[in-house]
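[1] For reference, the sequence and a predicted model appear below.
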Amino acid sequence: MGLVQDTLEIVWKRNPGEREFLQAVTEVLTSVEPVIERYKKYRDGKILARIVEPERQVMFRVPWVDDKGEIQVNRGFRIQFNSAIGPYKGGLRFHPTVCASILKFLGFEQVFKNSLTTLPMGGGKGGADFNVHGKSDNEVMRFCQSFMTELFRHIGPDTDVPAGDIGVGGREIGYLYGQYKRLRNEFTGVLTGKGLGWGGSLIRPEATGYGAVYFSQEMLKTRNESFAGKVCTVSGSGNVAQYTIEKLNQLGAKAVSVSDSNGTVHDPDGINPEKLAYLMDLKNVRRGRIKEYAEKYKVKYLDGQRPWGIQCDCAFPSATENEISGEDAKTLLDNGCILVAEGANMPTEPAGIRQFLAKKIHYGPGKAANAGGVATSGLEMCQNSMRLAWTREEVDQRLQRIMVTIHKVSSEAAAEYGQPHNLEMGANIAGFVKVADAMLDQGLV
């Protein structure tokens, strides 16, 4: 039995029932097996055994008072996975499904995603099993203040710099930052996704969606194609989906779907800028459901369904993990889909990925395709450190260069190991090598 399989057996025994984490580790370790076989230094340094274990895990209770005056208690987490190339960096997720397995998978993926950005950032993730939906602003504020009252002792601008994720947007970042500032009596760049008036960066809200499209552009260029006239399905309806649609519109494509946890809207005429503005108001301001979009524009609403049955040229899964099953992948391919770019983290099940790779379509794995969000968070950290703010054009140009570089290094790594079209393998290898070399340089850490 090989070293990768031996390591996976240990991981499975140590983390029983943690389905998402085990899926992520299996995918990465399987991809990097050729590197382990080629380089003795990684075997001697026990890099695989070390890299699959978080450096630190923190779990804590979060008591808060609701608007009825009743005490509620949630569970908070911070997984600090790897700091070999920089301070821990990764989002906070507030959602009822949050648990150790979800956050360990996200933190593990973040290690390699952050490595690909070329910026000095380690990997981490955190959050709580708190549901922001249906909560008043005051309830969200009280929860955030209680959450940060514990978290603040574990983070800092040179230690761990959280950002937002599902359930944590500008409102939540503001409340979290205010409490951190109160407790530490300092104004530092400890959170990213901040408001523009107090340390935030232009392009940060747009970055993940824009980055996924920029990465996809590079994939299309390899076969002399463009987005002009392409029909695109997009899942989700938050920041990632919204700005994916905005950039697709700018490049001449037509996005025909959005979704939320209740169902999917299919708008065959396309979600043009006017409709997108309505969607942004619906989701970001009124916090409504996308069914209202279908009612307003008299288009089809697919209750309880995802968008993957809609015929398309390109698909952008931008909602959550494992939203494309093996059967969904088959449907996409049968309907002529030539490109899948993951705006969400690990949105395609392994059976789906195998089909995409077998058909040799353009497949952009999440740790590469959606790295634009954390890359721009890194650019926000840079601006905070220098006490300045770059223009929208400067940030966008840097984001584009980073996404082009991620595609380049992923492609080169895939080609080096004999699979030139396999960007899943290439991204994993390119991300892994940088982190592994840093771990060896720094000794037994």
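    That came in fine, so what should we check first?
[2] Just give me the longest helix of this protein.
    helix 392-416 (DSSP state H).
[3] Tell me which residues of it come out buried.
    395-396, 398-400, 402-403, 406-407, 409-411, 413-414 (16 or more other Cβ atoms under 10 Å). Any C-beta I mention is one placed from the backbone N, CA and C, and that applies to glycine too.
[4] and what of stretch 192-206?
    Of all the residues in stretch 192-206, those buried under the rule 16+ other Cβ under 10 Å are 192, 193, 194, 199, 200, 201, 202, 203, 204, 205, 206.
[5] Turn the buried residues of helix 392-416 into CSV, including distance to residue 146 and pLDDT.
    Below are those laid out as CSV (distance: Cβ to Cβ, whole Å; pLDDT from 0 to 100):
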residue, distance to residue 146, pLDDT
395, 33, 97
396, 37, 97
398, 36, 97
399, 34, 97
400, 40, 97
402, 36, 98
403, 37, 98
406, 37, 98
407, 42, 98
409, 41, 98
410, 41, 98
411, 46, 98
413, 44, 98
414, 46, 97
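[6] Strands of the stretch 51-200 of the chain, residue ranges please.
    56-65, 71-82, 88-94, 123-128, 160-163 (DSSP state E, counting those that start in this stretch).
[7] count of neighbours near residue 442?
    Per other Cβ atoms under 10 Å, the neighbour tally for residue 442 reads 11.
[8] Provide a list of residues in contact with it.
    residue 84 (Cβ atoms under 8 Å, 6 or more residues apart in numbering).
[9] List the contacts of residue 17.
    Contacts of residue 17 by Cβ under 8 Å, 6+ apart are residue 101.
[10] Number the chain from 25, please
    OK, 25 is where the count begins now, so the last one is residue 41.
[11] Give me the secondary structure label for it.
    Taking DSSP: H, G, I helix; E, B strand; the rest coil as the rule, one finds residue 41 in the coil state.
[12] what about residue 412, distance to residue 38?
    The spacing between residue 412 and residue 38, counted by Cβ to Cβ, to the nearest Å, is 45 Å.
[13] can you check residue 351 too?
    Distance from residue 351 to residue 38, by Cβ to Cβ: 32 Å.
[14] Same question for residue 57.
    Distance from residue 57 to residue 38, by Cβ to Cβ: 20 Å.
[15] more crowded one of these two?
    A count of neighbours by other Cβ under 10 Å puts residue 57 above the other of residue 57 and residue 38, at 17 against 10.
[16] Touching, the more buried one and residue 26? I think so.
    Yes. At 7.0 Å, residue 57 counts as touching residue 26 under the criterion of Cβ atoms under 8 Å.
[17] ok, and the closest non-adjacent residue to the one residue sitting closest to the centre of the chain?
    Computing the C-alpha centroid of the chain and ranking residues by Cα atoms, centre = their mean puts residue 369 first, at 4.6 Å. Excluding the flanking residues, the one nearest residue 369 by Cβ to Cβ, 6 or more residues apart in numbering is residue 390, at 4.9 Å.
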